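Chemist: 3D model of this:
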Amino acid sequence: MDTADVLILLLRQVEEVAQRLRDEKLEGRTVTLKLRRGDFQTITRSHTFDHSTNITELIWREAKRLLEQWYKSWGSPLRLLGVGVSNLQKAGQGQQLLFTDESEVKQKKVDDVMDKVRQKYGGDILKRGL
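Modeler: So this is what the prediction gives:
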């Protein structure tokens, strides 16, 4: 499996996690990437945002950054790849941002539309590209 295949797999996992968060009306602050190398050594890397989110694009960017950062330093074959979000809270609770980022508002709308289409036509009907 090459790097592009790993990124596609990671994106699919991020989409699933983000959609489950939205379905449960939750947001999280910490993105955690779990990697298991060919020699069975398990590595976790995480990043905590300043505010909670369930926006696919934000979680994807951070998970991708964590994977690329690990790959530069180790670059060995993977046996397992997983992504999760923690430090959960109900959506809309907690500290709200005074100024919202316009790109986040747009991404939230994209997520809403994709969730509705997937609900109506099935989970595999739409896929994000890299």
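
Chemist: Confidence-wise, which helix or strand of the chain is lowest on average?
Modeler: Least confident helix or strand, the chain: helix 102-121 with a mean of 88, by mean pLDDT, DSSP states H and E.

Chemist: how close does residue 121 sit to residue 106?
Modeler: 23 Å (CB to CB, to the nearest Å). C-betas here are computed from N, CA, C, even on glycine.

Chemist: can you give me the strands for this protein?
Modeler: 26-37, 42-53, 78-90 (DSSP state E).

Chemist: I'd assumed residue 18 was in contact with residue 59.
Modeler: Yes - Residue 59 is within contact range of residue 18, at 5.4 Å (criterion: CB atoms under 8 Å).

Chemist: For the closest residue to residue 9 other than its chain neighbours, give me the pLDDT.
Modeler: Once flanking residues are discounted, residue 9 sits nearest to residue 81: 6.2 Å by CB to CB, 6 or more residues apart in numbering. According to the predicted model, the pLDDT of residue 81 comes to 94.

Chemist: tell me the contacts of residue 81?
Modeler: Neighbour list for residue 81: 6, 9, 10, 13, 33, 34, 35, 36, 67 [criterion: CB atoms under 8 Å, 6 or more residues apart in numbering].

Chemist: JSON lines please, covering those residues and showing pLDDT, distance to residue 76 and neighbour count.
Modeler: Shown next, in JSON lines, are those (pLDDT from 0 to 100; distance: CB to CB, whole Å; neighbours: other CB atoms under 10 Å):
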{"residue": "6", "pLDDT": "89", "distance to residue 76": "12", "neighbour count": "16"}
{"residue": "9", "pLDDT": "94", "distance to residue 76": "16", "neighbour count": "15"}
{"residue": "10", "pLDDT": "95", "distance to residue 76": "16", "neighbour count": "20"}
{"residue": "13", "pLDDT": "96", "distance to residue 76": "20", "neighbour count": "18"}
{"residue": "33", "pLDDT": "97", "distance to residue 76": "15", "neighbour count": "24"}
{"residue": "34", "pLDDT": "96", "distance to residue 76": "15", "neighbour count": "14"}
{"residue": "35", "pLDDT": "93", "distance to residue 76": "9", "neighbour count": "21"}
{"residue": "36", "pLDDT": "92", "distance to residue 76": "10", "neighbour count": "15"}
{"residue": "67", "pLDDT": "93", "distance to residue 76": "13", "neighbour count": "20"}
